[in-house]
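> next come a sequence and a model predicted from it.
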Amino acid sequence: MGAACSDQHDERMDPEVVGMTKGIAPIYSDGELTLYEVKHSLQLPLIGPSDGQLHALYQQATPPFDRAPFITDQDLKVQVSFTLSNLDGDPRNPGQNDHAVDVLIDPWNEFGRYWPGMQVIDANEGKVQPNLSGINERYLLPGTENGEASRISGTFTFDDMDELAIDFATVMNIIKNFQDVPVMDGETDPKVTYTNHAFSRANRSYNSPLVAPYRPKVIPGLVGFDFGLRTEEPANIALEVFVEIVDVNGNRLTSEVAGRPMPKPDQQITVGAAL
């Protein structure tokens, strides 16, 4: 992916790791469902706009954003490869250390960072379940007694990450401009339904008529993301990610390239109940 041009620069960043141990406290428990989760932030090394550039961007109307983005999805391409490792195992008890693990990626653009909230599934009993992350993939991870099978490698491709940028921009538009509809007790906030639909891997932006009216004409590029793990039981697991950047238009910050770093987005974008 990425247009072939003389300014294009392709680089693989140093690996980043997030780990879960059996000693962590759950982030949620209702007596039936218990969730354990860890996340780590990763900011891409990008140049941010100067004061003059920022002023010019504010002169360009780009709904639903307050200004035009400095970096669009056409300026930067991102790919994430990962290795997921189960650190639990006992050859005397095969299968007792297998874990179902959700690998999570939540996007940032220069206007905000996505943080999934919780959707109410039973208001009377106060039961909730997590909303989808931007990428939310479940893997069955065997214990270490299974040798190499206890490690799973995969890639969220350039196309996948492009889709993530589009989905996030769409969700931001849904949250900002979706007409408020009264929600009765026990019902789901429609913005939650639309947001989860937009992020569902089954619904790509080109075949998702439900949220197509909310897709902005200009898509901000990814400037970072949160990545992590979720399980429903205590586990010792590690996730290592390798990020490849294809810099199409010279937005990558290096020692040879002058410019101030892109600031971390300070606005949290979420739907449903905060966690």
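That came through fine.
> from here on, just use CA atoms for contacts and neighbour counts.
Will do.
> which pLDDT does the model give the residue nearest in space to the middle of the chain?
Taking C-alpha atoms, centre = their mean, the centroid of the chain lies closest to residue 106, which sits 1.7 Å from it. Looking at residue 106, its pLDDT is 98.
> then residue 254?
At residue 254, pLDDT is 66.
> also the one 5 residues further on?
Model confidence at residue 259, expressed as pLDDT, equals 73.
> secondary structure class for it?
Assigned by DSSP: H, G, I helix; E, B strand; the rest coil, the conformation of residue 259 is coil.
> all helices of the chain, in order?
For the chain, helices defined by DSSP state H occupy the ranges 51-57, 158-177, 190-199.
> picking up where we left off before, the residue nearest to the centre of the chain and residue 135 touch, don't they?
Yes: with contact defined as C-alpha atoms under 8 Å, residue 106 counts as touching residue 135 (6.7 Å).
> overlap of the contact sets of the two?
By C-alpha atoms under 8 Å, 6 or more residues apart in numbering, residue 106 and residue 135 have no common neighbours.
> which stretches of the stretch 151-275 of the chain have low pLDDT?
Along the stretch 151-275 of the chain, segments meeting pLDDT under 70 span 180-188, 253-258, 273-275.
> ugh, wrong one, the stretch 1-150 of the chain
For the stretch 1-150 of the chain, the stretches with pLDDT under 70 are 1-9, 122-126.
> make it 50
Judged by pLDDT under 50, the stretch 1-150 of the chain has its weakly predicted residues at 1-6.
> need the contact list for residue 65.
Residues in contact with residue 65 (C-alpha under 8 Å, 6+ apart) are residue 111.
> bridging residues for it?
residue 62 (DSSP bridges).
> residue 110 versus that one, what's the distance?
10 Å (C-alpha to C-alpha, to the nearest Å).
> residues contacting residue 106?
113-116, 133-135, 225-227.
> do that again at 7 Å, thanks
114-115, 133-135, 225-227 (C-alpha atoms under 7 Å, 6 or more residues apart in numbering).
> gap between it and residue 234?
On the measure of C-alpha to C-alpha, residue 106 and residue 234 end up 22 Å apart.
> before we move on, what about residue 15?
With distances defined as C-alpha to C-alpha, the gap from residue 15 to residue 234 amounts to 25 Å.
> what do you get for residue 271?
Counting by C-alpha to C-alpha, the gap from residue 271 to residue 234 is 27 Å.
> what's the end-to-end length of stretch 21-35?
OK, stretch 21-35 end separation, C-alpha to C-alpha: 13 Å.
> now do the buried residues in that stretch.
Applying a neighbour-count criterion of 16 or more other C-alpha atoms under 10 Å, one finds 21, 26, 28, 35 buried in stretch 21-35.
> the contacts of residue 106 into JSON lines, with extra columns for distance to residue 244?
Below are those laid out as JSON lines (distance: C-alpha to C-alpha, whole Å):
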{"residue": "114", "distance to residue 244": "21"}
{"residue": "115", "distance to residue 244": "23"}
{"residue": "133", "distance to residue 244": "21"}
{"residue": "134", "distance to residue 244": "18"}
{"residue": "135", "distance to residue 244": "17"}
{"residue": "225", "distance to residue 244": "13"}
{"residue": "226", "distance to residue 244": "16"}
{"residue": "227", "distance to residue 244": "15"}
